Structure formats: C-alpha cells, structure tokens
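Participant: Any chance you could fold what I've pasted below:
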Amino acid sequence: MIVWYQEKLGCRFETAAKAMVVLSAFSIPLGTAWMSISTALLFLFWLLSGHFRQKFNTITSNGVALWALGLYLLLAIGLTYTSADWDSAMHVFSKYKKILFIPIIISLMISEKWRRYAILVFIASMLIVLVMSYLKYLQILPYGPPGQEYTVFKGRIAHGIFMSFFFYLMVHAAILYPRWRWIFSIIALLAMINLLFLNTGRSGYVVFAALVVLLFFQYFNWRGVLISFVALFMLVVLGYFVSDHFRNRINESVSDVKAYVPGEYNHFSGLRYRLEFYQTTIKVIKKSPWFGHGTGSLETEYKKIADKEGLVVTNNPHNEFMMMMAQLGIIGLFAFSGMLYYQWLLSYQLDLESRYIVQGIVITMVSGCLLNSLLLDAGEGRFYVVMIAVIFSGSILKKQS
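Facilitator: Predicted structure coming up:
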C-alpha cells in the first residue's frame, strides 16, 4: 500500500510541492496573503509527498539545511529559559518557523529546471511591481499612503530592499547575457531610479550601497571596492540634488542623529527610534551576554529598562543581530552569522550565476539586518529562506555528488 501510494500519488504531490516553491518565489514582493497561501500549500504537499527517509538523508547531507535546523533548535531551546510569558515567547517563536522551509525546500531536491523557474518568476513579479510603481508616479494608479506614494504591495522598507536586490540581479543579467544586455540594463536603471528617487526607505539605500560594493568586488576584486565608493559618492551627490525624496531623507537622517536625546519624542522618526532601540537593547544584552534571556524575551527585558528611564517599549530592535543576541546571546549570534557566512563560503562551489545570486542574498541579509530584523519580518524573511533554499537545493548537491 505504501509503495503504491509513493509511486502513484507521492510523486505527484512532490511535483505539486515544487510548483508551490515557484509560486512562493513569485509571491515574495506581492501581498502577504500570496506568500502565506503558497507556503501553506507547499508544506501540505511536502507532507503528502512522502519519501521521508530520502528527505531525511538529503537534509542531513546538506550543510545549509543543517545550519538552518541548528538555529531553529536553538530558538526552541530558548523557550525553556525565556523570561517572557509563554504566549509572548510562542508568538515570537512562531515568526521564526519560516526557517524550517530551508530544509523542507532543500529536501525536494529541486532540479535545474525548477530552480530556473523560481528565479524567473521572482524577476517577473518584481517587473510587475516596478511597472505598477511607475504607473503610480504617472498618476495612472492611485498613490500609496504618505511617504510611500510609489510602493505597491509592500511598505517602503521591503520595497526598497527587494528593489535593490532586483537591481543587482539585472546588472548581472546584463553582463552574463550580452544578447539581451540593453533590455536588462534599462530595467536595472529603472529599478535604481525607482529606489533612489521615488522610494523613501533608507534601508533600501543601505542595501543598495552594499550590493553596489559587492558588484564591483565580484568583477574587479578589491580594486573594485575603491571604485564602488567613488561611484556611490557620485550617486549620492546626484540623488541629493535631483530627488526631493532622497534629499529629504538624507537631511532627516542627519537632523535625527544631531538632535537625538533618549526619552524625548518631539517627532516620529524611524532612525531616531532605532538609535534608542539599539542603545537599550545593548543594555539588555549585557545582562546575559552568553545565552541571552530566551526566545521572545526582548520585550520583557526591554520594558524593565524602559520603565526606569521613561522610554518607549519595543519587541523589535530593528536589528536581527541584536535580536538574536538578546534572545540567545553570543551563541545565537554565532549561529545566525555562521549560517550566513557558511552560505557565502559555499557559494564559491556553485556555477557563476548561482554564486552571484547567493552572494547577493547574503549581503542583502547582512546589510538589511543592520537596520531591521529581516529574519523575524514576514516578507523579507521569506524572501531569504525561499531564495537561498532554491539555489542550494539544486546546485550544491551536484557538487557534493
């Protein structure tokens, strides 16, 4: 009976699961509901596909999957000593369950064909977002909320991060595929203009700068890093004098840093709050630097300090590295950073195109996590787990065989 099921239905459900991986990649820059439905179906079809012994062997032989499981296990252990109440701890822990999609997708052993489908549909989805954003600029579609007039399905932070990565992919496509170079170059230019001149998310600016440095490093080694700094400086000067959005965000950033005083809330500013979050979270970390205070404990520990100092309480420091340290201490920081570093090292065993994609994802996460808790966040976290798993599911297994 089991053999009949595996042969007749298991393979069909496995194909359906792979199709849901592709749909998940397409859903990344779209509304949250798209991704929730696609990942739920992915998990369901994965369960129904069976072949669990084969899946287990695939996961245990793949270092990327093991690092992800190790990090998730640490978060689970963190529940046993968390200072937060059970409901709060489980609420945060549930947000990290997306990490499990790394081993799940890897266990499907996605072929080159499916992997390419996933990358292409992500590009197609980003093209839809880019076109709709410019239609808003041309007043053909209605504006978004104030400060996010030209975003589409996501807020300005996620929009900027995804658009930065999309720009990075298009630059590589223009170089790697000379026949279509002019098309990819135009798309890359439009993505850059959209990011710097229409969007107001400063996180996107930081990720963009990091990816530009990476691009020059990939093609010109360390000499390219120096060139990238010159190029970025010129872009900043150009953006400052051409774009009102860009100039205002830069001026606001400088003003926020100069006028920052903990506990004074004269006006709302993301950067102003981040500075306070960072300082207070460091105090939380210092109280238990090695093991942290347990999964989901940040808000509880943060409140103890904030109440004494008259500060606003948060459950998210907008920095994933600090978030991990507050919960799991130095061990958690090592697990999260080590997972990213391992993927970077392993990228050199991949074909050139896959290597560039992996390195772009890693740098996007590292730079983005300095200003946001990307793994904790729904859209950005799912972008990371789906895309990184898709690449390593297909290519790295060939290198190991």
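Participant: buried stuff in the helix or strand hosting Val92?
Facilitator: Mapping Val92 onto the secondary structure by DSSP states H and E places it in helix 86-95. With burial defined by 16 or more other Cβ atoms under 10 Å, the residues of helix 86-95 counted as buried are 88-89, 92-93, 95. From N, CA and C alone the C-beta is placed, and that goes for glycine too.
Participant: Repeat that for stretch 45-55.
Facilitator: Neighbour counts using 16+ other Cβ under 10 Å place 45-46, 49-51, 55 of stretch 45-55 among the buried residues.
Participant: which of the residues you listed lies closest to Phe233?
Facilitator: Distance to Phe233 across the buried residues of stretch 45-55 (Cβ to Cβ) is lowest for Trp46, with 47.5 Å.
Participant: so where does Ala326 fall, helix or strand?
Facilitator: Element membership for Ala326 (DSSP H and E) is helix 320-347.
Participant: now the angle between helix 86-95 and that helix, please.
Facilitator: Comparing the axes of helix 320-347 and helix 86-95 via axes from the mean of the first three to the mean of the last three Cα atoms, to 10 degrees yields an angle of 30 degrees.
Participant: Would you mind identifying the next helix or strand past helix 320-347?
Facilitator: helix 352-368.
Participant: helices or strands next to the longest helix belonging to the chain in the packing?
Facilitator: Secondary structure assigned by DSSP state H gives helix 202-242 as the longest helix of the chain. With contacts taken as 3 or more Cβ pairs under 8 Å, 6 or more residues apart in numbering; DSSP states H and E, helix 202-242 sits against helix 156-176, helix 244-259, helix 352-368.
Participant: Could you rerun that using 10 Å?
Facilitator: When contacts are defined as 3 or more Cβ pairs under 10 Å, 6 or more residues apart in numbering; DSSP states H and E, helix 202-242 packs onto helix 156-176, helix 181-193, helix 244-259, helix 270-287, helix 352-368.
Participant: Of all these, which one is nearest Gly379?
Facilitator: helix 156-176 (4.8 Å).
Participant: returning to what we had before: I'd like the average pLDDT over the longest helix of the chain.
Facilitator: If you average the pLDDT over helix 202-242, you get 84.
Participant: just the angle between that helix and helix 270-287, please?
Facilitator: Here the directions of helix 202-242 and helix 270-287 differ by 150 degrees (the same axes, to 10 degrees).
Participant: So which elements touch the helix holding Ala326?
Facilitator: Counting contacts by 3+ Cβ pairs under 10 Å, 6+ apart, helix 320-347 is packed against helix 63-78, helix 86-95, helix 270-287, helix 298-309, helix 352-368, helix 378-400.
Participant: Go ahead and measure how far the fourth one is from the middle of the chain.
Facilitator: Looking back up the chat, that one is helix 298-309. Computed by Cα atoms, centre = their mean, to the nearest Å, the chain-centroid distance of helix 298-309 equals 28 Å.
Participant: so it versus helix 86-95, what angle?
Facilitator: If you take the same axes, to 10 degrees, helix 298-309 sits at 120 degrees to helix 86-95.
Participant: Against which helices or strands is helix 298-309 packed?
Facilitator: Using 3+ Cβ pairs under 10 Å, 6+ apart, helix 298-309 sits against helix 86-95, helix 270-287, helix 320-347.
Participant: Give me the residues contacting it.
Facilitator: Outside helix 298-309, the residues within contact range by Cβ atoms under 10 Å, 6 or more residues apart in numbering are 82-85, 88-89, 91-92, 262-263, 276-277, 279-281, 283-285, 287-288, 292-294, 311-317, 322-323, 325-327, 373.
Participant: List the buried residues in that helix.
Facilitator: Those buried within helix 298-309 under the rule 16+ other Cβ under 10 Å are 298-302, 305-306.
Participant: cool, the first one as well?
Facilitator: Buried positions in helix 63-78, judged by neighbour count with 16+ other Cβ under 10 Å: 63-69, 71-72, 74-75, 78.
Participant: close enough to count as contact, Gln279 and Lys286?
Facilitator: No - Gln279 lies out of contact with Lys286 (Cβ atoms under 10 Å); the separation is 11.2 Å.
Participant: Comparing those two, which residue is more hemmed in?
Facilitator: Between Gln279 and Lys286, Gln279 has the larger neighbour count (other Cβ atoms under 10 Å), namely 15 against 9.
Participant: how near is the more buried one to Tyr81?
Facilitator: Using Cβ to Cβ, to the nearest Å, one obtains 25 Å as the distance from Gln279 to Tyr81.
Participant: ok, Phe93 - contacts?
Facilitator: Contact partners of Phe93, counting by Cβ under 10 Å, 6+ apart, are 72, 75-76, 78-79, 82, 84, 294-296, 327.
Participant: Apply 8 Å and report the result again.
Facilitator: For Phe93, the set of contacting residues under the criterion of Cβ atoms under 8 Å, 6 or more residues apart in numbering consists of 75-76, 78-79, 295-296.
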